[in-house]
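Engineer: Give me a 3D structure for the following:
(2 chains)
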2 protein chains.
Amino acid sequence: MSEYRVIGVEGLPEIREGDDLAALVSAACALEDGDVVVVAQKVVSKAEGRVRLLDRVEASRYASEISGDRDPRQTEVILSEAARVVRLRPPLLIAQTKHGFVCASAGVDASNAPESGSVVLLPEDPDASAEQIRARLRELTGLAVAVLVTDSFGRAWREGTTDVAIGAAGLRVLHDLHGERDPAGYELHATTIAVADEIAGAAELVMGKLSRVPMAVVRGLDLAGSGRAQDLVMPADRDLFR
Amino acid sequence: MSEYRVIGVEGLPEIREGDDLAALVSAACALEDGDVVVVAQKVVSKAEGRVRLLDRVEASRYASEISGDRDPRQTEVILSEAARVVRLRPPLLIAQTKHGFVCASAGVDASNAPESGSVVLLPEDPDASAEQIRARLRELTGLAVAVLVTDSFGRAWREGTTDVAIGAAGLRVLHDLHGERDPAGYELHATTIAVADEIAGAAELVMGKLSRVPMAVVRGLDLAGSGRAQDLVMPADRDLFR
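Structural biologist: Down below sits the predicted model:
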């Protein structure tokens, strides 16, 4: 039987700016070659100092108008992180980020922020963040692992969030079956599987928002490659839902 | 460390109408209490006879017009399964099914069909299909397992498909964190995790479209409950993307 395991990395400290996430995960858990190390965006952002103090933000009139019961300064930060507002039903604001991701509040989040009155932004370049953690893990352990940076995104038409990959290094993110044939000889069309997003969701099941398990290890999948989470962004010309 | 396993069920025969999926999976694999048995929609549909022979279908003029290079009779079947066309860029047709799911071709698929010239439809009531397999597994094995019926859906704004739950029995499908507090005391809002969809995606990674692994077992998650995949359909009044 083919089989893989998903392991929550427990015992990690509260993450602060400048923390070495690779050192923390490799100390907390005996990694193996081929592992996929999944790191929640929130701790990557905190380690990278991607936190904004609301005291230093001034809300525009527009931000105040669309804030609903949210702090207008938080809305101001959301707008500053957005490349494009996709849907607005105050206080709900779905935006496309500068990276191209479409998600609630342009990925800006007040929960699990390092201090009250601050908000956490997405990493500047989550693919680079993943690559950096991967390179550092190789340096520390000599192992070839893959790294995903993940976040919880809502979906159109479906209830609830699932975790998806916003940064990736060292693995295939898309598994393309175009032109391959099923057992009956039928040629598959339009069959590209977003395996990085499926791994992200698999990891979320052991990570939890409330407990301090911001990292997981996925062991036993054979998906080494060189994809980036940027490849998961649908190009505008094929996007039916702009 | 918290940990769970995802096991592909190998050695299953080609599924035909009337096959007892519960008997097949329990013979192929030693199930345990609390397992989540994940079954690809395609085999559920085949076992239930949800297959249409295109020879018996007559394409309307409209179906022909929007078919592109797809067999117009297949388009006719897609339209008959659709409650609402969401986006049309021939031959691409995104539709909401009678169950409420939004997906390509209203879930109608020609790949892996039992014979050429036929297409496979979604189960009539996938939650009932899941419940039936679950009840039969209890009858055969005495075990309390959960069952998911899953399919590969595209997503707005993101490349590639991920598997999601279209039928569920015996487990929580949504994990609602509303009102709970993060370690810093911040109250979480709008945080409901679609755990059934994350399990579906996790299972896809061992299932594969090309090999005959249409079932998987997810072992070690503690998610017993009574949700249905219908609960994953976003109600129209909260749907920002109708």
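Engineer: is whichever helix in chain A runs longest up against chain B anywhere?
Structural biologist: With DSSP state H setting the assignment, residue counts place helix A:126-141 as the longest helix in chain A. No - Helix A:126-141 does not reach chain B (Cβ under 8 Å from any Cβ of the partner chain); its nearest approach is 14.3 Å. Bear in mind the C-beta positions are built from the backbone N, C-alpha and C, glycine included.
Engineer: what helices or strands is the helix or strand following that helix leaning on?
Structural biologist: Of the helices and strands lying after helix A:126-141 in sequence (DSSP states H and E), the nearest is strand A:146-154. Strand A:146-154 makes packing contacts with strand A:36-40, helix A:41-47, strand A:102-104, helix A:126-141, strand A:161-169, helix A:195-207 when contacts are defined by 3 or more Cβ pairs under 8 Å, 6 or more residues apart in numbering or on different chains; DSSP states H and E.
Engineer: can you list the ones you listed in JSON lines and add mean neighbour count, mean pLDDT and distance to B:Ile133?
Structural biologist: Listed next are these as JSON lines, based on neighbours: other Cβ atoms under 10 Å in any protein chain shown; pLDDT from 0 to 100; distance: least, Cβ to Cβ, whole Å:
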{"stretch": "strand A:36-40", "mean neighbour count": "28", "mean pLDDT": "98", "distance to B:Ile133": "31"}
{"stretch": "helix A:41-47", "mean neighbour count": "25", "mean pLDDT": "97", "distance to B:Ile133": "36"}
{"stretch": "strand A:102-104", "mean neighbour count": "23", "mean pLDDT": "96", "distance to B:Ile133": "35"}
{"stretch": "helix A:126-141", "mean neighbour count": "20", "mean pLDDT": "98", "distance to B:Ile133": "38"}
{"stretch": "strand A:161-169", "mean neighbour count": "29", "mean pLDDT": "98", "distance to B:Ile133": "24"}
{"stretch": "helix A:195-207", "mean neighbour count": "28", "mean pLDDT": "97", "distance to B:Ile133": "22"}
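Engineer: I'd assumed A:Val102 was in contact with A:Ala83.
Structural biologist: No - in this structure A:Ala83 lies outside contact range of A:Val102 using Cβ atoms under 8 Å: 10.0 Å.
Engineer: Where does pLDDT dip in chain A?
Structural biologist: A:1, A:179-190, A:209-211 (pLDDT under 70).
Engineer: Just grab the bridge partners of the spatially most central residue of it for me.
Structural biologist: The centroid of chain A falls nearest to A:Thr150 when counting by Cα atoms, centre = their mean (2.3 Å). Beta bridges link A:Thr150 to A:Ala40, A:Ala165, judged by DSSP bridges.
Engineer: dump the residue contacts of it.
Structural biologist: A:Thr150 is in contact with A:Val38, A:Val39, A:Ala40, A:Gln41, A:Asp163, A:Val164, A:Ala165, A:Ile166, A:Ala200, A:Ala203, A:Glu204, counting by Cβ atoms under 8 Å, 6 or more residues apart in numbering or on different chains.
Engineer: Any idea what A:Thr94 is bridged to?
Structural biologist: One thing to correct before we go on: residue A:94 is Ile, not Thr. A:Arg87, A:Ala104.
Engineer: need the contact list for it.
Structural biologist: Here A:Ile94 is in contact with A:Val85, A:Val86, A:Arg87, A:Leu88, A:Val102, A:Cys103, A:Ala104, A:Gly154, B:Leu240 (Cβ under 8 Å, 6+ apart).
Engineer: re the thing from before, list the residues that contact both of A:Ala83 and A:Val102?
Structural biologist: Residues touching both A:Ala83 and A:Val102 (Cβ under 8 Å, 6+ apart): A:Ala95, A:Gln96.
Engineer: Show me which of the contacts of A:Thr150 is closest to chain B.
Structural biologist: Closest approach to chain B among these (Cβ to the nearest Cβ): A:Glu204, at 5.6 Å.
Engineer: give the contact list for the closest residue to that closest one other than its chain neighbours.
Structural biologist: Nearest residue to A:Glu204 in three dimensions, chain neighbours excluded: A:Asp163, at 3.7 Å (Cβ to Cβ, 6 or more residues apart in numbering or on different chains). By Cβ under 8 Å, 6+ apart, the contact set of A:Asp163 is A:Thr150, A:Asp151, A:Ser152, A:Phe153, A:Asp197, A:Ala200, A:Gly201, A:Ala203, A:Glu204, A:Met207, B:Glu198.
Engineer: Can you add distance to B:Glu48 and give those back as CSV?
Structural biologist: Shown next, in CSV, are those (distance: Cβ to Cβ, whole Å):
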residue, distance to B:Glu48
A:Thr150, 36
A:Asp151, 37
A:Ser152, 34
A:Phe153, 33
A:Asp197, 29
A:Ala200, 32
A:Gly201, 27
A:Ala203, 33
A:Glu204, 31
A:Met207, 36
B:Glu198, 26
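Engineer: what packs against the longest helix of chain A?
Structural biologist: Packing partners of helix A:126-141 (3+ Cβ pairs under 8 Å, 6+ apart): helix A:21-28, strand A:36-40, helix A:41-47, strand A:146-154, strand A:161-169.
Engineer: Compute the inter-axis angle for the first one and strand A:146-154.
Structural biologist: By that I understand helix A:21-28. Interaxial angle, helix A:21-28 versus strand A:146-154 (axes from the mean of the first three to the mean of the last three Cα atoms, to 10 degrees): 100 degrees.
Engineer: backbone phi and psi for A:Asp20, please?
Structural biologist: Main-chain torsions, A:Asp20, degrees, to the nearest 10: phi -100, psi 100.
Engineer: Just list the residues touching it, thanks.
Structural biologist: Contacts of A:Asp20 by Cβ under 8 Å, 6+ apart are A:Ala47, A:Arg136.
Engineer: Kindly report the same for the one 4 residues further on.
Structural biologist: Contacts here follow Cβ under 8 Å, 6+ apart; on that basis A:Leu24 touches A:Leu12, A:Pro13, A:Ile15.
Engineer: Which among those residues count as buried?
Structural biologist: A:Leu12, A:Ile15 (16 or more other Cβ atoms under 10 Å in any protein chain shown).
Engineer: re the thing from before, include distance to B:Thr75 when you put the contacts of A:Thr150 into a markdown table, please.
Structural biologist: Putting those into a markdown table (distance: Cβ to Cβ, whole Å) gives the following:
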| residue | distance to B:Thr75 |
| --- | --- |
| A:Val38 | 40 |
| A:Val39 | 44 |
| A:Ala40 | 43 |
| A:Gln41 | 41 |
| A:Asp163 | 35 |
| A:Val164 | 31 |
| A:Ala165 | 34 |
| A:Ile166 | 36 |
| A:Ala200 | 34 |
| A:Ala203 | 39 |
| A:Glu204 | 37 |
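Engineer: Out of those, which is nearest to B:Arg50?
Structural biologist: Relative to B:Arg50, the closest of these is A:Val164; by Cβ to Cβ it sits at 30.4 Å.
Engineer: give me the number of residues near A:Asp231?
Structural biologist: A:Asp231 has 16 neighbours, counted by other Cβ atoms under 10 Å in any protein chain shown.
Engineer: That one falls within a helix, correct?
Structural biologist: Yes - assigned with DSSP: H, G, I helix; E, B strand; the rest coil, A:Asp231 falls within a helix.
Engineer: roughly how far apart are A:Glu48 and chain B?
Structural biologist: According to Cβ to the nearest Cβ, to the nearest Å, A:Glu48 stands 19 Å off from chain B.
Engineer: before we move on, what about A:Val85?
Structural biologist: Distance from A:Val85 to chain B, counting by Cβ to the nearest Cβ: 12 Å.
Engineer: is it fair to say that residue lies in a strand?
Structural biologist: Yes - assessed by three-state DSSP, A:Val85 belongs to a strand.
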